[in-house]
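Asks: coords please:
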Amino acid sequence: MNILVLADIETGGEWLAIQTMIEKTRKRNRRIKFYLAAHKKISPLFKKGLFTKTYLINHNHYNKPFKHYRELFDLINAGRKSISLLFKQHYFDNVIVSDYLLGISYLLSQKKGKYLFFFHGVKNNHRVFIDTFNHYLILKKLLEVFTWTMSKKTIVPSKKTKDFLINNYGFLLKNKPFFIVPNLIQNEFAKKYSPTEINQLRKSLGIKKNKIILYSGRLVFNKGIENLVAGFLRIEAKYPKITFIIAYPDGFDRQLINQIKTLINRGKKIILMNNPTTINLARIYQASALAILPSPFEISSLFIREALISNLPIISTDTGDAKNILSRHFIIKNNKTNTLYNKIDNFLNNERKYKRDFLKITTFFKFQYNEEKIINNFIKILRAYEK
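Replies: Predicted coordinates for the structure are as follows:
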């Protein structure tokens, strides 16, 4: 079976979710061959050897006037040409789309083309029609929603994700069937690392015995990072032996990075880690005392699941399916600086109690997490909806 994957390989958690699913599916069934077509450069998150062939789609950059519109349509057109060429060279039994622009390119290339949409998050704010009159952002949102509606089936990571899509776009998606395929977690996070390995990592970061508070994810303003940093600065003033690590992929906001670097230059105990290897990131999880997810909006956080598998207590905003996984002691109502500070302070003062409670959560999560069942269901979906 030949599967063409149309994806954005620079989107952090979304790409990791897709890549991990493909990696573990290939190990289970070598007869399934995956081909990848993607815009942009190869991300450091990209694992070589998973795809039979990888095609990177080149596109042009423009100056004013109408710079953004011209680049958007060039991305779509470049994708259309590349996908047309791919279908002349190969036969594909199925197509998986996770990037809406490549989805548009595919529809323009293959007039009667059908595909599975692999949904892991909203690329463009679903309130754009209410909050802004920016025609460019509205156009991107319309294209994104159109790609969802044109899929023959939609794969989502949780029931909460399905409910979100139906509640917000139900009039367009009410007749679309959904498959729930939970995110798989990379094996590195389940492995138990030795104290020597953890200490070597600490030494390389210059942390020694400081407690670590961790954020892992995209470094952009809409993730609530600025409030978390402000909350940490107040924590650091009260607890001097605390270090804040921010592990993030490419695709970051440069203005936000510069703001954090200014604080680091002033002697604040913040460490920025751009594109850490999966092994090093997994070791950081196990070396940390606490993880924080301050995002006001998530669909189905991979960060939470990685923390659970790593036995790392995590505090999250009430977003996505966090409340379905974590108990109320680990949920905060908002991501305001005071809320984040008070919760971290409470955790540090009652760490043993929080860890006992979290052990119950991780035990139940690991009991429910059935990797073999998830992979088998994914393969069944691929077989059932061959062209």
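Asks: Now do the helix or strand harbouring residue 3: everything it contacts.
Replies: In the assignment (DSSP states H and E), residue 3 maps to strand 2-7. Under the criterion C-beta atoms under 8 Å, 6 or more residues apart in numbering, residues 15, 18, 22, 32-38, 51-52, 79, 83, 86, 90-99, 102-103, 105-106, 115, 118, 382 lie in contact with strand 2-7. Using the backbone N, CA and C atoms, a C-beta is placed for each residue, glycine as well.
Asks: Filter those down to the buried ones and hand me the ChimeraX line.
Replies: To isolate the buried members of the contacts of strand 2-7 in ChimeraX, using 16 or more other C-beta atoms under 10 Å:
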select :15,18,22,32,33,34,35,36,37,38,51,79,83,86,92,94,95,96,97,98,99,102,103,105,106,115,118,382
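Asks: related to what we said a few turns ago, now do the strand holding residue 3, average pLDDT.
Replies: The average pLDDT within strand 2-7 is 94.
Asks: residues of that strand that come out buried?
Replies: Quick answer for strand 2-7 (16+ other C-beta under 10 Å): 3-7.
Asks: Export it to PDB, keeping only CA atoms.
Replies: Output in PDB follows, covering the C-alpha atoms of strand 2-7 (Å, rounded to 0.1, in the frame of the first residue of the first chain):
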ATOM      1  CA  ASN A   2       1.400   3.400  -1.000                       C
ATOM      2  CA  ILE A   3       0.300   6.400   1.100                       C
ATOM      3  CA  LEU A   4       1.100  10.000   0.100                       C
ATOM      4  CA  VAL A   5       1.400  12.400   3.100                       C
ATOM      5  CA  LEU A   6       0.900  16.100   2.500                       C
ATOM      6  CA  ALA A   7       2.200  17.900   5.700                       C
END
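Asks: now the helix or strand that contains residue 162: how far from the chain's centre is it?
Replies: Using DSSP H and E, the element containing residue 162 is helix 159-173. Put simply, helix 159-173 sits 19 Å off its chain's centre (C-alpha atoms, centre = their mean, to the nearest Å).
Asks: Okay, buried residues for that helix please.
Replies: Under 16+ other C-beta under 10 Å, the buried positions of helix 159-173 are 160-162, 164-165, 169, 173.
Asks: On the C-terminal side of that helix, identify the next helix or strand.
Replies: Next element after helix 159-173 (DSSP H and E): strand 178-180.
Asks: Taking strand 2-7 as reference, get the angle to the longest helix along the chain.
Replies: Criterion DSSP state H: the longest helix present in the chain is helix 67-89. Per axes from the mean of the first three to the mean of the last three C-alpha atoms, to 10 degrees, the angle that helix 67-89 makes with strand 2-7 is 170 degrees.
Asks: who touches helix 67-89?
Replies: For helix 67-89, the external contacting residues (C-beta under 8 Å, 6+ apart) are 4, 6, 35, 37, 39, 55, 57-62, 92, 101-102, 104-106, 108-110, 136, 139-140.
Asks: so residue 211 bridges to which residues?
Replies: Residue 211 has the following beta-bridge partners by DSSP bridges: residue 242.
Asks: now the one 4 residues further on
Replies: When bridges are taken as DSSP bridges, the partners of residue 215 come out as residue 246.
Asks: Measure how buried it is and give me the count.
Replies: Using other C-beta atoms under 10 Å, residue 215 has 23 neighbouring residues.
Asks: count of residues packed around residue 255?
Replies: Residue 255, neighbours per other C-beta under 10 Å, totals 9.
Asks: which residue packs closest to it, ignoring adjacent ones?
Replies: Using C-beta to C-beta, 6 or more residues apart in numbering and skipping the chain neighbours, the partner closest in space to residue 255 is residue 221 (8.0 Å).
Asks: need the contact list for that neighbour.
Replies: Residue 221 sits next to 253, 255-256 when contact means C-beta under 8 Å, 6+ apart.
Asks: Next, check the contacts of helix 67-89 against the strands and list the overlap.
Replies: Among the contacts of helix 67-89, DSSP state E puts 4, 6, 35, 37, 39, 55, 57 in strands.
Asks: Turn these into TSV, including distance to residue 307.
Replies: Formatted as TSV, the ones in strands among the contacts of helix 67-89 follow (distance: C-beta to C-beta, whole Å):
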residue	distance to residue 307
4	33
6	30
35	33
37	32
39	30
55	35
57	34
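Asks: Closest one to residue 296 out of those, please.
Replies: Comparing the ones in strands among the contacts of helix 67-89 against residue 296 with C-beta to C-beta places residue 39 closest, at 27.5 Å.
Asks: Okay, and the beta partners of that closest one?
Replies: With DSSP bridges as the criterion, residue 39 is bridged to residue 57.
Asks: got a list of what it touches?
Replies: Residue 39 neighbours (C-beta under 8 Å, 6+ apart): 8, 56-57, 59, 75, 78-79, 99, 101-102.
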